[in-house]
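1. Predicted structure and sequence below. I'll ask about it afterward.
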Amino acid sequence: MANSRRQAPNPYVFFGLFVLSSGLFYLVAKRTTHNTFLSSQANPKNLLSPQQPAFDKDKITVIYVLGGPGVGKGTQCSKLVEKFEFCHLSAGDLLRAEQDREGSQFGDLIKTCILEGTIVPMEVTIKLLENAMRAELARRNTGAWSDGKGRFLIDGFPRQMDQAQEFDKTVCPATHVIFYTAPEDVMVARLLERGKTSGRADDNVESIKKRLATYHDKTMPVVQYYELSNKVSKVRHL
């Protein structure tokens, strides 16, 4: 008799199909809200523990979604959440929420980094992501999804090598990377158009230039690092 139990989707199969079938997509603003808590100590170095990873890699799938500013990472994450029940965590959204959180010890630091187009200290970003993952697992009660394995899409992170290595060590090793590319003039045009209504302080010409420089100098080596392990799927958006 055929097994009537619903079989969980194989993440590697659907990612291959998704990457091959990706086409033009629209930019939308999506923010994921989480109640996050950071240590009351203002030194970011105190946030991370040097112990073993917080999550078991056999029970958690982490997919990084990387690409330049304005390439549409959040839009594609929304599609994957809808189709495959991933939890989407935007590092940028978490940082902006922490920046605005009353009593945050790191609000001013985050604000300065965002305006300058520089990278927030990795300890702050990693702790926010870890807390958001814990909150989502707790919300789902069983600590996982229906097939027994948690699935997270993390977009806009890691933005440089030390972030990637520290997250692997203290939170959970990444399973795969989806890397979206687009011509630079297209990304700039999208960001400027978005800036008319987004209210984001970094959607201006000066900040965009700094963000693009950071992307080329810091984030591209991360992509190349994961390519060595055959963990990268590239999608070009024209």
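-> Noted; the coordinates are in hand. Please read all numbers here as calculations on a predicted model, not as lab measurements.
2. Mind listing residues that contact stretch 87-102?
-> The contact list for stretch 87-102, computed with CB atoms under 8 Å, 6 or more residues apart in numbering, reads 30-34, 36, 38, 74, 77-78, 80-81, 104, 106-107, 110-111, 114, 120, 124-125, 128-129, 132-133, 136, 150-157, 159, 200. (Glycine included, C-beta is placed from N, CA and C.)
3. Sitting in helices, which of those do you find?
-> Using DSSP state H, the subset of the contacts of stretch 87-102 located in helices is 74, 77-78, 80-81, 107, 110-111, 114, 124-125, 128-129, 132-133, 136.
4. Among those residues, find the lowest-pLDDT one for me.
-> On pLDDT alone, G74 ranks lowest of the ones in helices among the contacts of stretch 87-102, at 80.
5. What distance do you get for that residue to D56?
-> 28 Å (CB to CB, to the nearest Å).
6. go on, T125?
-> 22 Å.
7. Have a look at those two and say which one is more surrounded.
-> T125 (28 against 11; other CB atoms under 10 Å).
8. Could you measure from the more buried one over to S146?
-> According to CB to CB, T125 stands 29 Å off from S146.
9. Can you tell me the strand partners of the longest strand anywhere in the chain and which way each runs?
-> Counting residues, the longest strand in the chain under DSSP state E turns out to be strand 60-67. The strands that strand 60-67 pairs with in its sheet are strand 150-155 (parallel), strand 176-181 (parallel) (by DSSP bridges).
10. Mind listing what's buried along whichever helix or strand E206 is part of?
-> Per DSSP states H and E: E206 is located in helix 205-214. Within helix 205-214, the residues that qualify as buried are S207, I208, K210, R211, L212, T214, counting by 16 or more other CB atoms under 10 Å.
11. Per-residue pLDDT of the fourth one, please?
-> It refers to R211. 88.
12. residues contacting it?
-> R211 neighbours (CB under 8 Å, 6+ apart): P69, G117, D202.
13. Now the second one: closest residue in space, sequence neighbours ignored.
-> What it means is G117. With CB to CB, 6 or more residues apart in numbering as the criterion, G117 has its nearest non-adjacent residue at 2.7 Å, and that residue is K210.
14. again, but for L66
-> Per CB to CB, 6+ apart, closest to L66 is F179, 5.1 Å.
15. before we move on, what about P173?
-> Counting by CB to CB, 6+ apart, the residue nearest P173 is K57, at 5.0 Å.
16. What about the one you found, how many residues nearby?
-> 13.
17. Relative to D185, how far out is it?
-> Counting by CB to CB - K57 and D185 are separated by 39 Å.
18. likewise L137?
-> For L137, the distance to D185 - CB to CB - is 41 Å.
19. The two: who's more crowded?
-> L137 (19 against 8).
20. for the closest residue to F55 other than its chain neighbours, phi and psi?
-> Counting by CB to CB, 6+ apart, F55 lies nearest to C172, which is 4.2 Å off, once chain neighbours are set aside. Main-chain torsions, C172, degrees, to the nearest 10: phi -170, psi 130.
21. heads up, I number from 814, so please use that
-> Okay, using 814 as the starting number, the last item reads as C985.
22. then the strand or helix carrying L907 to PDB, C-alphas only?
-> In the assignment (DSSP H and E), L907 maps to helix 904-913. What follows is helix 904-913, C-alpha atoms only, in PDB (Å, rounded to 0.1, in the frame of the first residue of the first chain):
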ATOM      1  CA  ALA A 904      19.900  41.300   8.400                       C
ATOM      2  CA  GLY A 905      19.200  44.900   7.300                       C
ATOM      3  CA  ASP A 906      15.700  44.800   8.700                       C
ATOM      4  CA  LEU A 907      16.800  43.400  12.000                       C
ATOM      5  CA  LEU A 908      19.500  46.100  12.300                       C
ATOM      6  CA  ARG A 909      17.000  48.800  11.500                       C
ATOM      7  CA  ALA A 910      14.600  47.500  14.100                       C
ATOM      8  CA  GLU A 911      17.300  47.300  16.700                       C
ATOM      9  CA  GLN A 912      18.400  50.800  15.800                       C
ATOM     10  CA  ASP A 913      14.900  52.100  16.600                       C
END
